[in-house]
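**Q** Sequence first, predicted coordinates after that:
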Amino acid sequence: MSETTKETLGFQTEAKQLLQLMIHSLYSNKEIFLRELISNASDAIDKLRFESLDQESLLEGLGDYAIHVSVNKDAKTLTIADNGIGMSRDEAIEHLGTIAKSGTANFMASLTGDQKKDAQLIGQFGVGFYSAFIVADKVEVHTRRAGSAATEGALWTSHGEADFTIESKEKETRGTSITLYLKDDCADFADDWRVRSVIKKYSDHISVPVMMPAAQGADDESDAETPTWEAINEATALWTRSKADITDDEYQSFYKHISHDFDDALTWSHNKVEGKLEYTSLLYVPKNAPFDLWNRDMAKGLKLYVQRTFIMDEAEQFLPLYLRFIKGVVDSNDLPLNVSREILQKDGAVENMRSALTKRVLDMLSKLAKGDDYHQFWSTFGPVIKEGLGEDFANKDKIAKLLRFSTTHSDSEVQDQSFDDYLGRMKPEQDKIYYVFAENHNTARRSPHLEYFRKEGIEVLILSDRIDDWAMMQLGEYEGKKLQDVAKGDLAQQSEEAKQAQEALEQSSESLVERMKAVLSEQVESVRPSVRLTESPTCLVVGDFDMGAQMRRIMEAAGQAVPKTKPVLEINPEHPLLKMLDAESDEDKFSDLAMILFEQAQLAEGGQLDDPAAYVQRLNALLLKLSV
């Protein structure tokens, strides 16, 4: 045996905070710890199965996989042991002493102080190991990585406080054994019957046998050190069973196993495909967004199995990026066992499966959209779904039917109206679907561009997600109705009388328009009397094919080059401010007033001024003159 070396190391700061959160937030549902530790053991076995495809020596001559759970009532201990991939000494320090560096900052930033919500985050960040400290005041992890020498085993020990110890300790078999020294008020988890019932409740679906010592009679004097083990779970991959034989609780339990989520899924779809391709899929829609939802570069995807053999986590080739929140399993009978990510990218069967699975998810969401849970889904994942309008042309129409909006039809900010709802309320002569866009709901609802539509009783969609401007351009139309930004282009007149009124307005304001053009020639493309405005003095309009102000700001913030275009300033000559401006004979004062009205139009649409200080100076000077 090699010389034993023992170190005492401090937990990463975030891990210490997590330990406290874990202990206090989840204490009301203590038994979750067992589900998490068994799930981790199952994952370790899956990883060994995969790595041993290329390195059979990792099996060390022992190919039977199992998880062994045992209790010692007198010592108040519970042990979970697996013969999976195991860890080296360095891996034990890395995996058990820190939260993955890629997620540390995001995890801590996501904490809300609400214990229930924070508890849900724990599973999303894949740090369920720490749940052991809910019930234990001391945890020992004895581990050895498959393929390494017995002398390279490591023993990790912690009381769940500021630090942990790591030392070398020989281990004859590969894998990991976790021993929990239970707290006095958690001693019930050293009871055989109690542990069996929790495993049946949460881990019956684990695809490897979870073994416990066979129950012994009162007169049984057999040696406790050589127990007879028995499997207490189905040990059959859930997705391989008939749907008729699986309960909702079992589906939800399996979801929590593969997702490490602490909450139930919203819905799921379980299907077996036979024919040209043969595969089984089990797909889930979560209630909660993963912490890295908006990081398009983070690992995501389904668990891939080939002929029930685990191949990889996060197989992203089976669903498009806009469906990256979907959790689940796909098990193929057609792919080779030595399949790699590179092979998946080129395989025609994978492309066919991707198309079918995408439609399966969209159909699942279409059914969900008919129920009460859809609002929760949309408020969580709506902006991600909109990405599909530009990424998945083949399913654009299906995606469009999933979209939800708030509209001028009601005062609510809730996005619960579909395109079909809008079409059902359209005026008979209306040939376009109108929308207004701004950085937030209130700015959009108060936009001066809506004044004409309110006057005419025309409903307008209210958009305020950052992606909305881009998404509407990608969609273009719905059911033959063009999507029209109310801040773009000319508005079609609804009557000959309205056209005559507009022509009269243009003639009566011709002098004012020319004077304003001269002052604002560097800021605007043109100045014209407005059809849109009934209450506000001015608004800015861009061409039908020009980039909107919000999209321009987003692209500029991302460092993208954007074409230089000027907006059109529309004015309401009947507004008192415009009448005052028209009567102003002092050209310097006229210039200041014209510039202020232009800058106010920028502010009204949520824009930023090029020179805020100059605006304030002009406004202050005007106020001083008015006060004299």
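**A** That came through, no problem. Numbering: from 1, shown residues only.
**Q** For residue 455, give me phi and psi.
**A** Per-residue torsions, residue 455: phi -60, psi -40 (degrees, to the nearest 10).
**Q** what stretches of the stretch 401-550 of the chain score poorly on pLDDT?
**A** Across the stretch 401-550 of the chain, the ranges flagged by pLDDT under 70 are 491-495, 498, 545, 547-550.
**Q** in it, which spans are strands?
**A** 406-407, 432-437, 461-463, 477-478, 481-485, 526-529, 538-541 (DSSP state E, counting those that start in this stretch).
**Q** Compare the ones you listed and give me the one nearest residue 313.
**A** Distance to residue 313, taken as CB to CB, is lowest for strand 461-463 among these, at 36.0 Å. Every residue, glycine included, has its C-beta placed from N, CA and C.
**Q** and the closest one, what other elements does it pack with?
**A** Helices and strands touching strand 461-463, as assessed by 3 or more CB pairs under 8 Å, 6 or more residues apart in numbering; DSSP states H and E, comprise strand 406-407, strand 432-437, helix 441-445.
**Q** among the ones you listed, which is nearest residue 375?
**A** strand 406-407 (11.8 Å).
**Q** Centre of the chain to the closest one, how far?
**A** Chain-centre distance of strand 406-407: 23 Å, with CA atoms, centre = their mean, to the nearest Å.
**Q** Direction included, what does that strand pair against?
**A** strand 461-463 (antiparallel) (DSSP bridges).
**Q** what's in contact with the partner strand?
**A** With CB atoms under 8 Å, 6 or more residues apart in numbering as the contact definition, strand 461-463 has outside contacts at 405-408, 417, 422, 433-438, 441, 444-445, 469, 472.
**Q** same thing with stretch 386-402?
**A** The contact list for stretch 386-402 (CB under 8 Å, 6+ apart) reads 320-323, 355, 358-359, 362, 365-366, 369, 385, 403, 418-420, 465, 467-468, 470-471, 474-475, 478.
**Q** If any of the residues you listed are buried, give me the PyMOL selection for them.
**A** Applied in PyMOL, the following selects the buried portion of these according to 16 or more other CB atoms under 10 Å:
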select buried, resi 320+322+323+358+362+365+369+385+403+418+419+465+467+468+470+471+474+475+478
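**Q** about what we covered before: same list, the helices and strands packed on strand 461-463, but as a markdown table with distance to residue 241 and mean neighbour count please.
**A** What follows is the helices and strands packed on strand 461-463, written out as a markdown table (distance: least, CB to CB, whole Å; neighbours: other CB atoms under 10 Å):
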| stretch | distance to residue 241 | mean neighbour count |
| --- | --- | --- |
| strand 406-407 | 43 | 20 |
| strand 432-437 | 46 | 22 |
| helix 441-445 | 46 | 18 |
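**Q** residues making contact with stretch 236-251?
**A** Residues contacting stretch 236-251 (CB under 8 Å, 6+ apart): 204-205, 207, 254, 265, 268, 270, 280-282, 305, 308, 329, 331.
**Q** Quick check: the two most widely separated of those?
**A** Greatest spatial distance among the contacts of stretch 236-251 (CB to CB): 265 and 308, at 22.4 Å.
**Q** Which one's more surrounded, those two?
**A** Applying other CB atoms under 10 Å to residue 265 and residue 308 shows that residue 265 carries more neighbours, namely 20 against 14.
**Q** what's near enough to touch that one?
**A** For residue 265, the contact set (CB under 8 Å, 6+ apart) comprises 251, 252, 255, 259, 284, 285, 286, 287, 327.
**Q** Out of those, flag the one nearest to residue 96.
**A** Checking the contacts of residue 265 one by one against residue 96 (CB to CB), the nearest turns out to be residue 259, at 21.5 Å.
**Q** That closest one reaches residue 283, doesn't it?
**A** No - contact between residue 259 and residue 283 fails when scored by CB atoms under 8 Å: they sit 11.6 Å apart.
**Q** what sits in contact with each of these two?
**A** residue 327.
**Q** helix/strand/coil for residue 234?
**A** Judged by DSSP: H, G, I helix; E, B strand; the rest coil, the three-state class of residue 234 is coil.
**Q** What's the local residue count around it?
**A** There are 18 residues near residue 234, going by other CB under 10 Å.
**Q** Same question for residue 205.
**A** 23.
**Q** same thing with residue 488?
**A** 18.
**Q** and it, what are its bridge partners?
**A** residue 542.
**Q** And it, how close does it get to residue 253?
**A** 51 Å (CB to CB, to the nearest Å).
**Q** ok, the spatially closest residue to residue 438 that is not a sequence neighbour to residue 437 distance?
**A** If the residues on either side of it in the chain are set aside, residue 438 comes closest to residue 444, at 3.7 Å by CB to CB, 6 or more residues apart in numbering. Taking CB to CB as the measure, residue 444 falls 6 Å from residue 437.
**Q** Please identify every residue contacting each of the two.
**A** Contacts common to residue 444 and residue 437, judged by CB under 8 Å, 6+ apart, are 463, 464.
**Q** tell me, what residue is most central in the chain?
**A** Centroid-nearest residue in the chain, with CA atoms, centre = their mean: residue 293, separated by 3.2 Å.
**Q** Quick check: bridge partners of residue 268?
**A** Beta bridges link residue 268 to residue 284, judged by DSSP bridges.
**Q** Start the count at 13 instead of 1 going forward.
**A** Okay, using 13 as the starting number, the last item reads as residue 280.
**Q** so it makes contact with residue 298?
**A** No - applying CB under 8 Å as the test, residue 280 and residue 298 come out as separate, 10.2 Å apart.
**Q** Now the common contact residues for these two.
**A** Contacts common to residue 280 and residue 298, judged by CB under 8 Å, 6+ apart, are absent.
**Q** domains of the protein?
**A** 18-248, 252-380, 415-497, 523-554+569-639 (automatic domain parsing).
**Q** and of these, who's closest to residue 391?
**A** Of all the domains of the chain, it is domain 415-497 that lies closest to residue 391, at 7.1 Å by CB to CB.
**Q** so where's the stretch 113-262 of the chain shaky on pLDDT?
**A** Within the stretch 113-262 of the chain, the ranges that satisfy pLDDT under 70 run 113-139, 228-237.
**Q** Please give the element, helix or strand, for the residue located most distally from the centre of the chain.
**A** Ranked by distance from the centre of the chain (CA atoms, centre = their mean), the top residue is residue 597, with 58.5 Å. Assignment of secondary structure by DSSP states H and E places residue 597 within no helix or strand.
**Q** What distance do you get for it to residue 589?
**A** Taken as CB to CB, the span from residue 597 to residue 589 is 16 Å.
**Q** Could you do residue 479 as well?
**A** Between residue 479 and residue 589 the computed distance is 35 Å (CB to CB).
**Q** Same question for residue 153.
**A** Residue 153 sits 74 Å away from residue 589, going by CB to CB.
**Q** Return the residues in contact with the spatially closest residue to residue 346 that is not a sequence neighbour.
**A** Residue nearest to residue 346 in three dimensions, not counting chain neighbours: residue 361, with 5.3 Å by CB to CB, 6+ apart. When contacts are counted by CB under 8 Å, 6+ apart, residue 361 is found next to 289, 344, 346, 347.
**Q** try residue 97
**A** Contacts for residue 97 (CB under 8 Å, 6+ apart) come out as 56, 57, 59, 60, 63, 70, 157, 158, 186, 187.
**Q** Between these, which sits nearest residue 242?
**A** Compare each of the contacts of residue 97 with residue 242 using CB to CB and the shortest gap goes to residue 57, at 18.6 Å.
**Q** tell me the secondary structure for the nearest residue to the closest one once chain neighbours are set aside?
**A** Sequence neighbours aside, residue 96 is the residue nearest to residue 57 in space, at 3.9 Å (criterion: CB to CB, 6+ apart). Put simply, residue 96 is coil when judged by three-state DSSP.
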